[in-house]
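Visitor: Got a predicted structure here, sequence first:
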Amino acid sequence: MNTLDRLADTIAARAEADPDSSWTAKLLSKGPEKCAEKFGEEAVEAIIAAVKGDRDNLTAEAADVLYHLLVMLQASDVAYADVLAELERRSGVSGLAEKAGRG
């Protein structure tokens, strides 16, 4: 099991935790909209770090983006395994062909 798998499992477990005992539980308790908002904030911070060429900050912000993406998926009842399955489905398919197939 890799780090992202473990993180997704931890986030799923925290969905059942007391919001006063866990930042993840607190964020999840606020619903999908708040989780999406936090994901967006972190994505913007990562973009700013990338544009500035700040590799260290981009590394930290990218970790935040991945964490908040997984939280948003959990809050939206989208299984991490389903996202991985979609990536696997796209594996080996040209990005141009995949986009064209979406219609």
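Guide: Structure received.
Visitor: Distance check, the residue nearest the centre of the chain against residue 34.
Guide: In the chain, the residue lying closest to the centroid (CA atoms, centre = their mean) is residue 69, at 1.5 Å. Noted for residue 69: a distance of 14 Å to residue 34, by CB to CB, to the nearest Å. All C-beta spots, glycine's among them, are computed from the backbone N, C-alpha and C.
Visitor: repeat for residue 78
Guide: 16 Å.
Visitor: quick one, which of those two is more surrounded?
Guide: Comparing residue 78 with residue 34 by other CB atoms under 10 Å, the one with more neighbours is residue 34, at 16 against 13.
Visitor: can you pull the contacts of that one?
Guide: Listed by CB atoms under 8 Å, 6 or more residues apart in numbering, the contact set of residue 34 reads 27, 75.
Visitor: Tell me the secondary structure of it, please.
Guide: helix (DSSP: H, G, I helix; E, B strand; the rest coil).
Visitor: Helices of this structure, residue ranges please.
Guide: 3-14, 23-29, 32-52, 55-75, 80-90, 95-101 (DSSP state H).
Visitor: can you list the ones you listed in TSV and add mean pLDDT?
Guide: Conversion of these to TSV gives the following (pLDDT from 0 to 100):
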stretch	mean pLDDT
helix 3-14	97
helix 23-29	97
helix 32-52	98
helix 55-75	98
helix 80-90	95
helix 95-101	68
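Visitor: how about stretch 57-71: buried residues?
Guide: 58, 61-62, 64-71 (16 or more other CB atoms under 10 Å).
Visitor: likewise stretch 25-35?
Guide: Quick answer for stretch 25-35 (16+ other CB under 10 Å): 25, 27-29, 32, 34-35.
Visitor: quick one: residue 89 from residue 45, how far?
Guide: In this view, residue 89 and residue 45 are 30 Å apart by CB to CB.
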